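Asks: Test case, fold it:
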Amino acid sequence: MIGFFSNVLRGVAVGLANIIPGVSGGTMLLILGVYERVIHALRNIDVKTVLGIFKGKKSFIESMKKLDALFMTGLAAGAVVTVVAMAKLMGYLLNKHHDPTYGFFFGLVLASVIVPWRMIKAKSVVPMVAAVLGAVAVVGLTFAVSAERKIKRAESKIARNIHKAQLEAAAAAGGADKVKRPPKASTSGAHLALFAGAGAIAIAAMILPGISGSFMLLMMGVYFELLAAINSRNYPLLGVFMLGCLVGLLLFTRLLNYLLEKHHDVTIGFLLGLVVGSLWAIWPFKEFKIVGAPAGLALPSGMDAAKLSLRVDLGNTLPAGFSTNEILTLATVVAGCVIVGIFVWLEARNPTPPVQEKKA
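Replies: Numbering: from 1, shown residues only. A predicted model of the protein is given here:
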């Protein structure tokens, strides 16, 4: 029971990481020491294992063990509940206390670098080179999206919120059909293939530490179209995207599992680099711009334009001084480091079972 509860707590940490821009669930899985175990469990998802669940008690138990079901259930439960319960709170903290919130996660990741470092069995030159390449890859990705595209992304989000409010106001007045809806995206074969590929790449990015799936969608140019598909209920496009995610999950976890088995230290070294590189993305002190509603959009009656504004982070900067904000941010960095220390201590007392080796 204690083990299951500790897995739920790990899931809580993973859920919080998924809410914070720049922090991935893969990062948290790695620093919690369960990354390989999760990849191994996901790799075991196949038709035979799934069908085995329905073939009787013995086959059911074997399938559950193969999928590491108790561990994965606790992890998933903690993550899902946290995302649902904490999304609004984290949104508030990011808007009202941006620097201290990022400082907390910066401290978590900074202190936890020791975890993947310890996982490298032979600390030779090759894993270190892989770590450098991983760090460079993540830092490079942060420069791949221009400030203009970031601002456009924020304006698009504000426009969607306004359109949603217009629909709600019109529906209350009995005239929702008069509000112009955005056109549905193309459903041609090539377009569906693009979205399937985007789903596969996005889910692969989410599995890797330090890389955001939504960031990859933005780079591929399908982020806004996907959001539009959600708003317009374009089920064919969304279904193809989800299918791509499923295929990407199954294929990429198999690739990662193979690399961890055959080239363990190099793979962990690369993952370590991804974690180190993510420190650049979650550096708490940022240059930023407040983006308001795009010109020409009529606001529904009663909607406060000030509440629509979004903060857009444009790049890293050093603290201008040591005011209350800077001191509080440094305190949260320390708090994050302390919490990682507690997790490491708990892990030493109740170590996670090693990944089972494949039978010959």
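
Asks: Using the record's domain definitions, break this structure down for me.
Replies: The record's domain parsing of the chain by automatic domain parsing lists 1-112+333-360, 123-317.

Asks: mind listing the strands for the chain?
Replies: Remark: strands assigned in the chain by DSSP state E are 286-291, 310-316.

Asks: how about those strands in JSON lines, adding mean neighbour count and distance to Leu133?
Replies: To be clear about C-beta, it is placed using only N, CA and C from the backbone, and glycine gets the same treatment. JSON lines is the format used below for the strands of the chain (neighbours: other C-beta atoms under 10 Å; distance: least, C-beta to C-beta, whole Å):
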{"stretch": "strand 286-291", "mean neighbour count": "14", "distance to Leu133": "26"}
{"stretch": "strand 310-316", "mean neighbour count": "15", "distance to Leu133": "21"}
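
Asks: nearest to Tyr235, of the ones you listed?
Replies: Distance to Tyr235, taken as C-beta to C-beta, is lowest for strand 310-316 among those, at 28.4 Å.

Asks: what packs against the closest one?
Replies: helix 147-172, strand 286-291 (3 or more C-beta pairs under 8 Å, 6 or more residues apart in numbering; DSSP states H and E).

Asks: most tightly surrounded among those?
Replies: helix 147-172 (a mean of 15; mean count of other C-beta atoms under 10 Å).

Asks: can you pull the contacts of Cys337?
Replies: Gly107, Leu108, Leu110, Ala111 (C-beta atoms under 8 Å, 6 or more residues apart in numbering).

Asks: Now, the residues you listed that are in helices?
Replies: Among the contacts of Cys337, the residues falling in helices (DSSP state H) are Gly107, Leu108, Leu110, Ala111.

Asks: Most neighbours among the residues you listed, which one?
Replies: Leu108 (27 neighbours; other C-beta atoms under 10 Å).

Asks: mind putting the helices and strands packed on strand 310-316 in JSON lines, distance to Leu251 included?
Replies: Listed next are the helices and strands packed on strand 310-316 as JSON lines, based on distance: least, C-beta to C-beta, whole Å:
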{"stretch": "helix 147-172", "distance to Leu251": "29"}
{"stretch": "strand 286-291", "distance to Leu251": "36"}
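
Asks: out of those, which comes closest to Arg311?
Replies: So among the helices and strands packed on strand 310-316, strand 286-291 is nearest, using C-beta to C-beta, at 5.3 Å.

Asks: how distant is that closest one from the center of its chain?
Replies: Put simply, strand 286-291 sits 22 Å off its chain's centre (C-alpha atoms, centre = their mean, to the nearest Å).

Asks: Run me through the strand neighbours of it, direction for each.
Replies: Strand 286-291 sits in its sheet next to strand 310-316 (antiparallel), going by DSSP bridges.

Asks: ok, residues contacting stretch 195-209?
Replies: Contacts of stretch 195-209 (C-beta under 8 Å, 6+ apart): 24-27, 29-30, 35, 39, 211-217, 220, 222, 226, 237, 240-249, 251-253, 256, 271, 274-275, 278.
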